[in-house]
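Trainee: no letters, just coordinates:
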């Protein structure tokens, strides 16, 4: 390997090390002292509960581990959004598990908590996966109630989804393992079956203090809404458990008896490891986001047997399209080619840019995958669509619109991996979050924004310079550079994959070597949900 490969490798492995450190910190939730207090009450933490519930030795992925990262500092922070969400297996059945983390503000709901819970339900709905709620929450975080309570995508949407999911036949099981108050009390009761842990679980619309204030009744919380009350008097809950493990064992027994599901029928054969060494991804991926590399070499290290059958290989070369297998699953891959390429006419095209011919090729390929019922995988490293008079006169807007239309109307499941740049309309055409990928993940090398930090800083600098000059201020070269650096630093912070993950623009930041697992588990989940409508692009036919 050459020196550049080794430098890339060192750079990317440091990013992976940083990712692991950040994940270790996030997994502490509210911190070691609060975990110890939680244990002192005889309770398991959210992560311990999920680990106990899921099958040993089976694959698992976590959704939104970095949700809330760097947000709500004035409120003490909200690690992982105060809720842990994982996709794994219970008694061999793939499920979504949602567990409130009571070490974070007693499991109270911040705005990002609501968004993350809705994302978990969205995954369950799209894939018809059973969902398990492990409830331990003090309800809405009152200092921010205006940002979590009344709007369409706020707290109340959870219970609306409970009802919709029930009508769809999606299994929902709730275990009340701590507080479950106010509006949150509806979640377990709107589930198919509900459990409560004796002495630690409680359900009520209003706690003892509020009851005293509202109607003057004096009553303790256990008598008001404890396990005995709700399993023997009100009949609100179906099972009483003696402790956390008993509740989780009961869930295992219930899930183990769920019948089989109708399959979408995605093609799968025996899994084969890539022939090319996946570890070499670290050396291929460049240190600088502006540098070129061959995306085909990345694909060879992600797909079974390193076999990639290219579609229209000699046409629209800034996009790679073709068929492959990932962990045995047949997939159609749409990937940005990140090196400068030459057309048949001898013209040079920039890597990472979508041209008219590239968009046309991708549109046709996406339509083919829909016709053949082949899931789509998008590998993003895109700076946008080509601009300029030649492209405009050639109809780049029309061709781009067709590609966006095909992505939007695709009925096969889509999975997006942000490898590098994800800028502007390129993010949309390559199935960004707004285009409903079943799962969307980013590598630590990813950047998501309208444009690069350097380009944005230049634009914003000109605007600020014009404003200053209008007021009679003149910037010398030194001050101009200082202002540019300040703007770029602020913008670079916002294009970080961690900034995106904190806001759930992506489901996770992952080690590139985990990509095959995420896509395989994603397609397995999608196989639970046959398409309900045919592929149709409307007036923008290919």
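Mentor: That came in fine, so what should we check first? Since the structure is predicted, the reported quantities are computational estimates derived from the model, not experimental observations.

Trainee: all the helices of the stretch 351-500 of the chain, residue numbers only.
Mentor: 356-372, 389-393, 396-409, 424-429, 453-470, 477-495, 497-502 (DSSP state H, counting those that start in this stretch).

Trainee: now the shortest one: average pLDDT?
Mentor: In this model, helix 389-393 carries a mean pLDDT of 65.

Trainee: go on, the fifth one?
Mentor: The average of the pLDDT scores along helix 453-470 is 76.

Trainee: still on that earlier bit, out of the helices of the stretch 351-500 of the chain, flag the one nearest residue 37.
Mentor: Set against residue 37 and scored by C-beta to C-beta, these come closest in helix 497-502, at 26.3 Å. Bear in mind the C-beta positions are built from the backbone N, C-alpha and C, glycine included.

Trainee: related to what we said a few turns ago, which one of the helices of the stretch 351-500 of the chain has the poorest average confidence?
Mentor: helix 389-393 (a mean of 65).

Trainee: returning to that earlier point: could I get the helices of the stretch 351-500 of the chain in CSV, plus columns for distance to residue 27 and mean neighbour count?
Mentor: Shown next, in CSV, are the helices of the stretch 351-500 of the chain (distance: least, C-beta to C-beta, whole Å; neighbours: other C-beta atoms under 10 Å):
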stretch, distance to residue 27, mean neighbour count
helix 356-372, 37, 22
helix 389-393, 47, 11
helix 396-409, 34, 20
helix 424-429, 29, 21
helix 453-470, 30, 14
helix 477-495, 23, 14
helix 497-502, 15, 22
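
Trainee: pLDDT of stretch 119-136, averaged?
Mentor: Mean per-residue pLDDT for stretch 119-136: 97.

Trainee: and residue 501, what is it in contact with?
Mentor: Shown in contact with residue 501 (C-beta atoms under 8 Å, 6 or more residues apart in numbering): 64, 65, 66, 67, 69, 442, 508, 509.

Trainee: could the helices of the stretch 351-500 of the chain go into TSV alongside distance to residue 284?
Mentor: Below are these laid out as TSV (distance: least, C-beta to C-beta, whole Å):
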stretch	distance to residue 284
helix 356-372	21
helix 389-393	29
helix 396-409	26
helix 424-429	21
helix 453-470	23
helix 477-495	22
helix 497-502	18
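
Trainee: of these, which approaches residue 28 most closely?
Mentor: Here helix 497-502 is closest among these (C-beta to C-beta), at 16.7 Å.

Trainee: sheet partners, orientation included, of the helix or strand just after that closest one?
Mentor: Counting by DSSP states H and E, the next helix or strand C-terminal to helix 497-502 is strand 508-509. If you go by DSSP bridges, strand 508-509 pairs up with strand 439-442 (parallel).

Trainee: that older thread, report the lowest-confidence entry in the contacts of residue 501.
Mentor: Out of the contacts of residue 501, that is residue 69, at 95.

Trainee: that one and residue 502 touch, don't they?
Mentor: Yes. Assessed by C-beta atoms under 8 Å, residue 69 is found in contact with residue 502 at 3.9 Å.

Trainee: looking at the helices of the stretch 351-500 of the chain, which is nearest to residue 185?
Mentor: It's helix 497-502; of those, that one is closest to residue 185 (C-beta to C-beta) at 29.1 Å.

Trainee: where does the protein dip in pLDDT?
Mentor: Residues of the chain that meet the criterion pLDDT under 70 lie in 1, 183-184, 387-389, 391-395, 453, 540-542.

Trainee: quick check: longest helix of it.
Mentor: helix 3-26 (DSSP state H).

Trainee: distance between that one and the chain's centre?
Mentor: 21 Å (C-alpha atoms, centre = their mean, to the nearest Å).

Trainee: and the gap between the residue of the chain most remote from its centre and residue 396?
Mentor: Using C-alpha atoms, centre = their mean, the residue of the chain lying farthest from its centre is residue 472. It sits 47.7 Å away. The spacing between residue 472 and residue 396, counted by C-beta to C-beta, to the nearest Å, is 42 Å.
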